[in-house]
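> What follows is a predicted structure for the sequence shown.
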Amino acid sequence: MSALAERRDLSTEETGWAVRETVAGRAPAVALAGFLAALRVKGETVEELFGVVEALLAAAIPVRVDRPCHDIAGTGGDGTGAMNLSTLAAIVAAGAGCTVVKHGGRAASSQTAGSADLIEALGLPLANSAEPCRGAGAGRFRYLFAPEVNPGLRHAVDARRGLGIPTIFNLAAPLINPARPEHPVIGVADAGRVRMLAETLQRLGRRGLVVHGHDGLDKLTTTDVSEVWIVREDSLQQLVFDPTALGLPRAGPTDLRGATAAENAERARAVLSGRRGPLRDAVVLNAAAVIVAGDVTRTDFETRLEGGIRQAEEAIDRGSAAAVLDDTREDRVRRDRQAGEVSP
């Protein structure tokens, strides 16, 4: 704390130690709140964030995946009240053939229901992390409930709730999926921290995209342009993307707004059933980002993304995106039945 009081940056080892103390339940809430607030005021660094992410991944419950997988998740805190675009985009990308292991939780400070609330309203299971995620059939999509797979973070709830501001844990959240997706799409609400997330993702050895909507959305937006960082092992490439360049109409400020879990689920089913409009446009755009995240460059970004949009639209229109819901529910019933057959 003395270093932070003097506005000195911490090392990866120092922030990692603080996280290990936290997840072990040894950090008093008052001390943790002070630590998080001081980091926020000073401004977090890549070294500090990397230390937090590494420690949280080490403390997470392991998840087995039998092939490269994708995820799309954001830092939250964008204040837009937008619908759960990442969750719907993940389902559509799975319908297009990607193996997607989505990591998320319930709404904390959001004005609308969180991703886990939507998943439950759609009748999908919050997956048991011990189950292997196989990349075929129903295994194309799996939702990991963050409190189950990152249980140590429960010790930080009181401190974070008491502060009421975004902290380094919010920045770490989209990076701590224990399935360790090779090709993630990371959304960042804070324009000043986009590059930091891109550099941290690179240090983790991942190939993916880090995005920020200029309207504040922690996704690719259709109401404005978006900042995009293409992350590769040996390079970071930045660009500004305008969805109208690919024929997507500009959405209005309220077109993407979400509501309760039940209302969001109703709108999600409508999109998956083929209803067109601004919500579908935003969903297929972000699903396309998931599809191309692992194999795109600055020079071919728009061309590849356009192809990804076509794949996402086809997944909806031929019914394979909607089928992901049924397949995932049936897969859970089958697993539960098998578990019952082998239990003593």
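In hand now; what should we look at? Residues are numbered from 1 along each chain as shown.
> So for residue 128, what's the pLDDT?
Among the per-residue scores, residue 128 shows a pLDDT of 57.
> Check the protein for its longest helix and report it.
Of all segments of type helix in the chain, defined using DSSP state H, the longest is helix 320-342.
> Any buried residues in that helix, and which?
Neighbour-count burial for helix 320-342 flags 320, 321, 322, 323, 324, 325, 327, 328, 331, 332 (criterion: 16 or more other Cβ atoms under 10 Å). For glycine as for every other residue, the C-beta is placed from the backbone atoms N, C-alpha and C.
> same question, stretch 56-64
56, 57, 59, 60, 63.
> Could you verify that the second one is part of a helix?
Which is residue 57. Yes - under DSSP: H, G, I helix; E, B strand; the rest coil, residue 57 sits within a helix.
> quick one, domains of the chain?
2-59, 70-150+166-323 (automatic domain parsing).
> Using TSV, lay out those together with distance to residue 156.
Formatted as TSV, the domains of the chain follow (distance: least, Cβ to Cβ, whole Å):
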stretch	distance to residue 156
domain 2-59	5
domain 70-150+166-323	6
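> now, of the ones you listed, which is deepest in the fold?
domain 70-150+166-323 (a mean of 21; mean count of other Cβ atoms under 10 Å).
> now the helix or strand containing residue 142: mean pLDDT?
Assigned by DSSP states H and E, residue 142 belongs to strand 141-145. For strand 141-145, the mean pLDDT works out to 92.
> one step back: any idea which of the buried residues of stretch 56-64 is the one closest to residue 254?
The nearest member of the buried residues of stretch 56-64 to residue 254, counting by Cβ to Cβ, is residue 56 at 35.2 Å.
> in the protein, which spans are helices?
Under DSSP H, the chain gives helices at 2-5, 12-23, 29-42, 46-59, 85-95, 115-121, 146-149, 157-163, 168-172, 194-203, 261-272, 278-292, 301-317, 320-342.
> so which of those helices comes closest to residue 185?
helix 278-292 (4.8 Å).
> Which neighbouring elements make contact with the closest one?
strand 70-74, helix 85-95, strand 183-187, helix 261-272, helix 301-317 (3 or more Cβ pairs under 8 Å, 6 or more residues apart in numbering; DSSP states H and E).
> centre of the chain versus the second one, how much separation?
For helix 85-95, the gap between its own C-alpha mean and the chain's C-alpha mean amounts to 11 Å (Cα atoms, centre = their mean, to the nearest Å).
> and it, average pLDDT?
For helix 85-95, the per-residue pLDDT averages 96.
> what's next to it, contact-wise?
70-74, 100, 102, 104, 115, 118-119, 140-141, 143, 185, 187, 217, 219, 256, 268, 271-272, 282-284, 286-287, 289-291, 312, 315-316, 320-325 (Cβ atoms under 8 Å, 6 or more residues apart in numbering).
> same check, this time on the first one
Applying Cβ under 8 Å, 6+ apart, the external contacts of strand 70-74 come out as 86, 89-90, 93, 98-104, 173-174, 177, 179, 181-189, 218-219, 286, 289-290, 293-294.
> who does the residue nearest the centre of the chain bridge with?
Nearest to the mean C-alpha position of the chain, counting by Cα atoms, centre = their mean, stands residue 73 at 1.0 Å. Beta-bridge pairing for residue 73 (DSSP bridges): residue 186.
> was I right about residue 80 contacting residue 212?
No - between residue 80 and residue 212 there is no contact under Cβ atoms under 8 Å: 12.0 Å.
> Could you measure from the closest residue to residue 36 other than its chain neighbours over to residue 249?
Nearest residue to residue 36, sequence neighbours excluded (Cβ to Cβ, 6 or more residues apart in numbering): residue 167, at 4.2 Å. To residue 249, residue 167 is 37 Å away according to Cβ to Cβ, to the nearest Å.
> same deal with residue 113?
From residue 113 to residue 249 the distance is 26 Å (Cβ to Cβ).
> same check, this time on residue 116
Distance from residue 116 to residue 249, by Cβ to Cβ: 31 Å.
> Residue 268 now?
Residue 268 is 21 Å from residue 249, by Cβ to Cβ.
> swap in residue 73?
In terms of Cβ to Cβ, residue 73 sits 26 Å off from residue 249.
> same question, residue 272
For residue 272 relative to residue 249 (Cβ to Cβ), the value is 20 Å.
> And residue 315, by the same measure?
21 Å.
> again, but for residue 53
Separation of residue 53 from residue 249 (Cβ to Cβ) stands at 37 Å.
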